[in-house]
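> Give the three-dimensional model of this entry:
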Amino acid sequence: MDINTGRLSSWRGKDCCRWKGVWCSNRTSHVVKLDLGSEVHYPYGMLQLQGEMNSSIVTLHHLRYLDLSFNNFYVTRIPLFLGTLRNLRYLNLSNANFMGSVPSQLGNLSRLQYLDLNGFNCYYPLQVLDFSWISHLSSLKILDMTSVDLSTVKDWARVVNMLPNLRALYLKYCGLTTTVATLSH
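Coordinates of the predicted model:
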């Protein structure tokens, strides 16, 4: 990831637990949280991360929380390697300007409780061609796919009803043509 104003300027030295946006376990010192969501209120997005994500994030085996919201990954796809972060409970990629299809590899994140792919303010909407991977996210409590193109998905209601812990679902502006009277949860 490149930055244009030194957003990661504190990322120096050997103790990454002291870096801004990085939280470590007090018990093990493993990195458990990366909160790199952009500060939306900052003028002209000057603090946004940009470019492509580095795959070295997969070495963070204990990572439970990843927030990359409101950054500018314009003209890049959501990396397939995010699906290897099997301890993630929280993944926020909202308004990060990813493009293309949402990778089915996110279905490998079986411990995920919160998934936000909201693209309301993005240049190009993400799209989902196959929704079956969602059914593997049995721990999911909150799913926000606002403005993600679901227009080709035929069985979305059946798949969503397979999520036993789902408490909140946001599918506004998704191009859905079928309606469901109630979703039981």
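
> Which neighbouring elements make contact with the helix or strand hosting residue 91?
Per DSSP states H and E, residue 91 falls inside strand 90-92. Contact partners of strand 90-92 among helices and strands, from 3 or more Cβ pairs under 8 Å, 6 or more residues apart in numbering; DSSP states H and E: strand 65-67, strand 114-116. Glycine gets a C-beta too; all of them are placed from N, C-alpha and C.

> which secondary structure elements does the first one contact?
Contact analysis of strand 65-67 by 3+ Cβ pairs under 8 Å, 6+ apart lists strand 31-35, strand 90-92 as its packing neighbours.

> Check what contacts it and list those residues.
23, 32-37, 57, 82, 85, 88-92 (Cβ atoms under 8 Å, 6 or more residues apart in numbering).

> circling back to that earlier point, ranking the helices and strands packed on strand 65-67 by burial, who's on top?
strand 90-92 (a mean of 21; mean count of other Cβ atoms under 10 Å).

> returning to what we had before: in JSON lines, list the helices and strands packed on strand 90-92 along with distance to residue 102, mean neighbour count and mean pLDDT.
Putting these into JSON lines (distance: least, Cβ to Cβ, whole Å; neighbours: other Cβ atoms under 10 Å; pLDDT from 0 to 100) gives the following:
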{"stretch": "strand 65-67", "distance to residue 102": "15", "mean neighbour count": "20", "mean pLDDT": "97"}
{"stretch": "strand 114-116", "distance to residue 102": "10", "mean neighbour count": "20", "mean pLDDT": "98"}
